[in-house]
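Sequence first, predicted coordinates after that:
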Amino acid sequence: MFGDVYQNKRVLITGHTGFKGSWLACWLRELGAEVCGIALPMKTAHSHFDLLHPDIRSEMTDICNRKEVKRIFAEFQPEAVFHLAAQPLVRVSYREPDDTFAVNVMGTVNVLEACRSTSSVRAIVVISSDKCYENREWLWGYRESEPMGGYDPYSASKGCAELVVASWRRSFFHNEDYGKKHHTLLASGRAGNVIGGGDWAEDRLVPDLMKAAATGKRAEIRNPEAVRPWQHVLEPLSGYLQLGQKLLEGEARFADGWNFGPAEEGIISVKEAAAALRRHWGAIQIDIRSPESAPHEAELLRLDCSKARHSLGWYGTWSPEEAFLHTAQWYRSFYEENKVRTKDDLRDYIASARSRGLAWTK
């Protein structure tokens, strides 16, 4: 897979204890990479990372601590860096706007500066969000060339982080200077709403539904009509890894911003997503309420992923129904059988991708 480019490579992940980061750490170990993670311990009742116990070096450090981040980079000497550490929640950003900007913007600066001071780094993929775009609630998807922006502090901080990435790429890692003045390529990946096992964050649809189902309670759904691009967590991760492959292979034209989202059928309302999950675990019970005092959240958000499909040859693997099925099964197995299905899901996903002949499976 991925041209065996990750075999025996030193790969550093920030945010490795989080939902996406723990799945990525697991996959990279399966690919034969030597992995180091930088993150804070999870504050949730369960931790996907702790359940997996991946064989990696784990550094519990705040990415806002520039000195410590640089020390870890200097010791580990990574060849590829995936930056996922962030404050990832819209509603938390209203309560803690200063911390949200500190982590999402200056944390990104610290990671990029650590990369710049570490000569071994060849590829950097900064993981952003579909909320980085100035959302005008259009019916069509946002393309990578659209303006950055954001209404709420979280969205604005991700737009700012993308501007930081663009500035560092132009100022220090310019594509035209690759191989002459520097040997590092910098890209960013923007994904929609990701679902899958092992997410226990607050104020997210899937964790709220699953925690309620496990305790025989009903889950309250906010913004039921809000439309989002839903995809299994392995979908964008395959895109990030494929992008990292291109950068490690020295293909400078891929050092840019990229959308990784589902096909049109995966762009559905919160209410429809909840109903899809309930089809696969009958214990899920839903109350639909929309509190008037709730902070503003976008009602409509779509991504145009034409660039990734045409230039990278990246396509999704699982249909929306398969994504909801695997997600519901993961939590049902965890709560009813105390089983962690992560590696089973990864194997199933890779098998499905290979049956479709997707580029990254080679």
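Good, I have the coordinates.

and residue 347, how many neighbours?
12 (other Cβ atoms under 10 Å). For glycine as for every other residue, the C-beta is placed from the backbone atoms N, C-alpha and C.

what about stretch 285-305, how long is it end to end?
Separation of the first and last residues of stretch 285-305 by Cα to Cα, to the nearest Å is 33 Å.

Show the average pLDDT along it.
The average of the pLDDT scores along stretch 285-305 is 74.

do the same with stretch 138-145
For stretch 138-145, the per-residue pLDDT averages 86.

Let's see that stretch as PDB, backbone CA atoms only.
Extracted in PDB, the C-alpha atoms of stretch 138-145 (Å, rounded to 0.1, in the frame of the first residue of the first chain):
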ATOM      1  CA  TRP A 138     -24.100  27.500  -0.800                       C
ATOM      2  CA  LEU A 139     -25.800  24.500  -2.300                       C
ATOM      3  CA  TRP A 140     -22.500  23.600  -4.100                       C
ATOM      4  CA  GLY A 141     -19.300  22.300  -2.600                       C
ATOM      5  CA  TYR A 142     -16.400  24.500  -1.600                       C
ATOM      6  CA  ARG A 143     -13.300  24.100  -3.700                       C
ATOM      7  CA  GLU A 144      -9.700  24.500  -2.400                       C
ATOM      8  CA  SER A 145      -9.400  27.900  -4.000                       C
END
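
Please identify the helix or strand for the closest residue to residue 54 other than its chain neighbours.
Leaving aside its sequence neighbours, residue 54 sits nearest to residue 25 (Cβ to Cβ, 6 or more residues apart in numbering; 4.9 Å). Per DSSP states H and E: residue 25 is located in helix 19-30.

Give me the distance from that helix to the chain's centre.
Centroid displacement of helix 19-30 relative to its chain, using Cα atoms, centre = their mean, to the nearest Å, is 11 Å.

buried residues in it?
19, 20, 21, 22, 23, 24, 25, 26, 27, 28, 29 (16 or more other Cβ atoms under 10 Å).

The closest residue to the second one other than its chain neighbours: what's it in contact with?
Here the nearest residue to residue 20 in space, its sequence neighbours aside, is residue 84; by Cβ to Cβ, 6+ apart that works out to 5.6 Å. Residues in contact with residue 84 (Cβ atoms under 8 Å, 6 or more residues apart in numbering) are 13, 14, 15, 16, 18, 20, 21, 24, 127.

if we go to 6 Å?
The contact partners of residue 84, by Cβ atoms under 6 Å, 6 or more residues apart in numbering, come to 14, 15, 20, 21, 127.

elements contacting the helix or strand residue 115 falls within?
Secondary structure from DSSP H and E places residue 115 in helix 107-116. Secondary-structure packing of helix 107-116 (3 or more Cβ pairs under 6 Å, 6 or more residues apart in numbering; DSSP states H and E): helix 66-76, helix 153-171.

Keeping just the C-alphas, turn it into CSV.
C-alpha atoms of helix 107-116 as CSV (Å, rounded to 0.1, in the frame of the first residue of the first chain):
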residue,chain,number,x,y,z
GLY,A,107,0.2,25.3,17.9
THR,A,108,0.4,25.0,14.1
VAL,A,109,3.1,27.6,14.0
ASN,A,110,5.1,25.7,16.6
VAL,A,111,4.8,22.5,14.7
LEU,A,112,5.9,24.1,11.4
GLU,A,113,8.8,25.8,13.1
ALA,A,114,9.9,22.5,14.6
CYS,A,115,9.7,21.0,11.1
ARG,A,116,11.8,23.9,9.8
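
quick one on the thing from earlier: wait, the residue nearest to residue 54 touches residue 55, no?
No. Judged on Cβ atoms under 6 Å, residue 25 makes no contact with residue 55 at a distance of 9.5 Å.

coming back round to it: out of the helices and strands packed on helix 107-116, flag the one nearest residue 60.
Residue 60 sits nearest to helix 66-76 of all the helices and strands packed on helix 107-116, at 10.0 Å, using Cβ to Cβ.

how big is the angle separating that closest one from helix 107-116?
Counting by axes from the mean of the first three to the mean of the last three Cα atoms, to 10 degrees, helix 66-76 lies at 40 degrees to helix 107-116.

Buried by neighbour count: which residues of helix 66-76 qualify?
Applying 16+ other Cβ under 10 Å to helix 66-76 flags 66, 68, 69, 70, 72, 73, 76 as buried.

wait, isn't the last one in contact with residue 36?
Yes. The pair residue 76 / residue 36 is scored as a contact, 4.5 Å apart, by Cβ under 6 Å.
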